[in-house]
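Enquirer: Output the structure for:
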Amino acid sequence: MTTQGDKQTAPAEPVKPAAIDTARPVQSIAAIVRDWWSGEVAADINHSKVLLRIAEESSTTARYLFMTCMSAGIAVLGLLLSSPAVVIGAMLLSPLMGPILGAGFALAEGKFKWLRLCARAILIGTVVSILFTAAIVWLSPLQTVTDEIAARTRPNLFDLLVALFSSLAGSYAMIRGREGTIVGVAIATALMPPLAVVGYGLATFNMTVFGGALLLYVTNLLTIALTATVMARLYGFRYKRSAQHGMTESAGILLTFVLLAIPLGISLTQIAREANGQRIVNSVIEDSFDPLARVEQPVIDWDADPIQISAYVYTPEFESDADEQIKRRLTNNLGEDVAVTINQFRVGTDPGAAEQAQLARAREQQQAAAAEQQVASLTERLALISGVPPSDVTIDRENRRALVSAKPLDGLSLAGYRALEMRAAAQAPDWEIRLRPPILGLPNIELGEDGPSEAGKAQLELVSWAASRTGIPIVLSGADEATTAIVQSLTEAGVAASGETVSNTRNNTDVVTARWSTQ
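Expert: Numbering: from 1, shown residues only. Here you go, the predicted model:
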């Protein structure tokens, strides 16, 4: 019972727990990251200074065109020589990174006039590089597809990733004022070597090389530019636009990456298929022979129908039906028709016999390669001194003999052609060099008291050499006794010669004249 002075209080209602906003922590984390990025990472960026620095490297100047040509020239020479060091030198000089990064920042800033200038610089640099390298290849006697060229004709998804990471590093370096690291980016991205390969494909009309290298270059170009756009926007380089416009631009960049990734992914799948197929071929061939056998790396032509597979095996025991057995197993494992050729070499049963035979064959291959290099060098040298294309030089490898017919060269006499032959022979002492001179006037043979004088002997040797190289008979005119003796000397040397006597006067007893029978 309560008194009148006592207050009556209502029973307290139970307190309801506050509702938990599950979305707030996520928003808070995003806000924290955004605040940290804008306050700690991007706050000290001088946007105007960065844009000015990039713009200076984005225009089409005389320096830009000169350095582009020099880089392209070095690149294509390095590719033709298959020299990675020379190719890297071309990458260091390439100025193409400037306008490509400039295009990315121009897109992020919405400066479309600047974007057009960058696009113009990229287009001009690309066309100039292709035409310059194509001209060098067209004039070059070396037009073989080297390993350095082949490596840039099959772009894949990894090339896209290389360009992506390179652009991230390059954009960061430009934003932070550390553009010296662009050198390393240029090496990784390799913009100029693919362009040089495009020029090679154009000069040699090899559309497979042309298309593959062009795809690699376009991949690197677009990836660098679009990645630079993303990096620029992250660091606050952007123009005011609607959220819908920004999302549309981001979707366009993402779509471009997806479109690039599709063909490159297909190419990567093909490369992975071939690598897996190579492993299967190696395993099947090794399992088909004695454990002591050794198998050289099989050669596989994946483009042939059926797939062509060949290998050398050094084994203590011959397998008579090895080709058929391996063919059946590979057809089942690969799921495709194959043609197999196994070249077996019998070796001893000693554990190291197969390795010794393999090393011996490797030495033989090395010697054969060296011999082919010698033949190529000899052919090129003879073609050069004879004024003819290398295809006009006849090489007899079995008898180690080289034959070439020289073109007439202004001011060069028969003695000059003989000197050229002697010089070429001195550079290839184990080869017989025969240079056929053009039909020029033969020297007179001076006489002494007892036949040709000292000068006459040299003249007689030159006449004999010219006749033996051309195969045309010689007609000699002079005093009866001297002419007969010289004709006999030439005949004994295997030269077809005949004599004509003239009246016994003072003028014609001092020399014996020589002429071609066709004159």
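
Enquirer: what comes into contact with whatever helix or strand S48 lives in?
Expert: Using DSSP states H and E, S48 maps to helix 47-56. Contact with helix 47-56 is made by 98, 101-102, 105, 109, 114, 174-175, 177, 179, 236-237, as judged by CB atoms under 8 Å, 6 or more residues apart in numbering. For glycine as for every other residue, the C-beta is placed from the backbone atoms N, C-alpha and C.

Enquirer: tell me the strands in this protein, going along the chain?
Expert: Using DSSP state E, the strands found in the chain span residues 294-295, 299-301, 307-315, 338-346, 394-396, 401-405, 432-436, 445-448, 451-452, 474-478, 497-501, 511-516.

Enquirer: quick one on the thing from earlier: in the helix holding S48, what counts as buried?
Expert: Within helix 47-56, the residues that qualify as buried are 47, 50-51, 53-55, counting by 16 or more other CB atoms under 10 Å.

Enquirer: Output the residues you listed in JSON lines; the columns should cover distance to M67 and pLDDT.
Expert: Formatted as JSON lines, the buried residues of helix 47-56 follow (distance: CB to CB, whole Å; pLDDT from 0 to 100):
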{"residue": "H47", "distance to M67": "28", "pLDDT": "75"}
{"residue": "V50", "distance to M67": "22", "pLDDT": "78"}
{"residue": "L51", "distance to M67": "22", "pLDDT": "81"}
{"residue": "R53", "distance to M67": "18", "pLDDT": "79"}
{"residue": "I54", "distance to M67": "17", "pLDDT": "79"}
{"residue": "A55", "distance to M67": "17", "pLDDT": "80"}
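
Enquirer: got the residue ranges for the helices in the stretch 301-450 of the chain?
Expert: Counting by DSSP state H, counting those that start in this stretch, the stretch 301-450 of the chain has helices at residues 322-334, 353-386, 414-427.

Enquirer: Pick out the shakiest of the ones you listed, pLDDT-wise.
Expert: Across those, helix 353-386 has the smallest mean pLDDT, namely a mean of 72.

Enquirer: What average pLDDT does stretch 428-446 get?
Expert: Mean pLDDT, stretch 428-446: 87.

Enquirer: measure that stretch end to end?
Expert: 33 Å (CA to CA, to the nearest Å).

Enquirer: For it, what is the distance to the chain centroid?
Expert: Offset of stretch 428-446 from its chain centre (CA atoms, centre = their mean, to the nearest Å): 40 Å.

Enquirer: ok, now stretch 80-95?
Expert: In terms of CA atoms, centre = their mean, the centre of stretch 80-95 is found 10 Å from the chain centre.

Enquirer: Show me which residues of that stretch are buried.
Expert: 80, 82, 86-88, 90-91, 93-95.

Enquirer: what would the strands of the chain look like in JSON lines with distance to A419 and mean neighbour count?
Expert: As requested, the strands of the chain are exported to JSON lines (distance: least, CB to CB, whole Å; neighbours: other CB atoms under 10 Å):
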{"stretch": "strand 294-295", "distance to A419": "52", "mean neighbour count": "20"}
{"stretch": "strand 299-301", "distance to A419": "46", "mean neighbour count": "14"}
{"stretch": "strand 307-315", "distance to A419": "46", "mean neighbour count": "21"}
{"stretch": "strand 338-346", "distance to A419": "47", "mean neighbour count": "17"}
{"stretch": "strand 394-396", "distance to A419": "21", "mean neighbour count": "14"}
{"stretch": "strand 401-405", "distance to A419": "15", "mean neighbour count": "18"}
{"stretch": "strand 432-436", "distance to A419": "10", "mean neighbour count": "18"}
{"stretch": "strand 445-448", "distance to A419": "19", "mean neighbour count": "20"}
{"stretch": "strand 451-452", "distance to A419": "21", "mean neighbour count": "18"}
{"stretch": "strand 474-478", "distance to A419": "21", "mean neighbour count": "22"}
{"stretch": "strand 497-501", "distance to A419": "23", "mean neighbour count": "17"}
{"stretch": "strand 511-516", "distance to A419": "19", "mean neighbour count": "20"}
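
Enquirer: if we compare the ones you listed, which one ends up closest to L330?
Expert: Taking CB to CB, strand 338-346 is the member of those nearest to L330, at 4.9 Å.

Enquirer: what does the closest one rub up against?
Expert: When contacts are defined by CB under 8 Å, 6+ apart, strand 338-346 is touched by residues 285, 304, 306-319, 322-323, 326-327, 330-331, 357, 361.

Enquirer: repeat that with 7 Å
Expert: 306-316, 318-319, 322-323, 326-327, 330-331, 357 (CB atoms under 7 Å, 6 or more residues apart in numbering).

Enquirer: Wait, L101 touches Y172, no?
Expert: No - judged on CB atoms under 7 Å, L101 makes no contact with Y172 at a distance of 10.9 Å.

Enquirer: So between these two, which is more surrounded?
Expert: The residue with more neighbours, out of L101 and Y172, is L101; 29 against 16, by other CB atoms under 10 Å.

Enquirer: residues touching that one, list them.
Expert: For L101, the contact set (CB under 7 Å, 6+ apart) comprises 54, 170-171, 174, 224, 228.

Enquirer: how much space is there between C118 and I54?
Expert: 9 Å (CB to CB, to the nearest Å).

Enquirer: Which neighbours do the two have in common?
Expert: What both C118 and I54 touch, as defined by CB under 7 Å, 6+ apart, is the set G102.

Enquirer: got a list of what the residue lying closest to A85 once chain neighbours are set aside touches?
Expert: Leaving out its chain neighbours, the residue that sits closest to A85 by CB to CB, 6 or more residues apart in numbering is G78, at 7.4 Å. Neighbour list for G78: 86-87, 90, 148 [criterion: CB under 7 Å, 6+ apart].

Enquirer: Serialize those residues to a markdown table and add fields for pLDDT and distance to G211.
Expert: Output for these, formatted as a markdown table (pLDDT from 0 to 100; distance: CB to CB, whole Å):
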| residue | pLDDT | distance to G211 |
| --- | --- | --- |
| V86 | 83 | 25 |
| V87 | 81 | 21 |
| A90 | 75 | 22 |
| E148 | 82 | 18 |
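
Enquirer: Which pair in these has the greatest spatial separation?
Expert: Greatest spacing in the contacts of G78, by CB to CB: A90 and E148 (11.0 Å).

Enquirer: ok so, going back, out of the contacts of G78, who's nearest E454?
Expert: Set against E454, the nearest of the contacts of G78 by CB to CB is V86 (52.7 Å).
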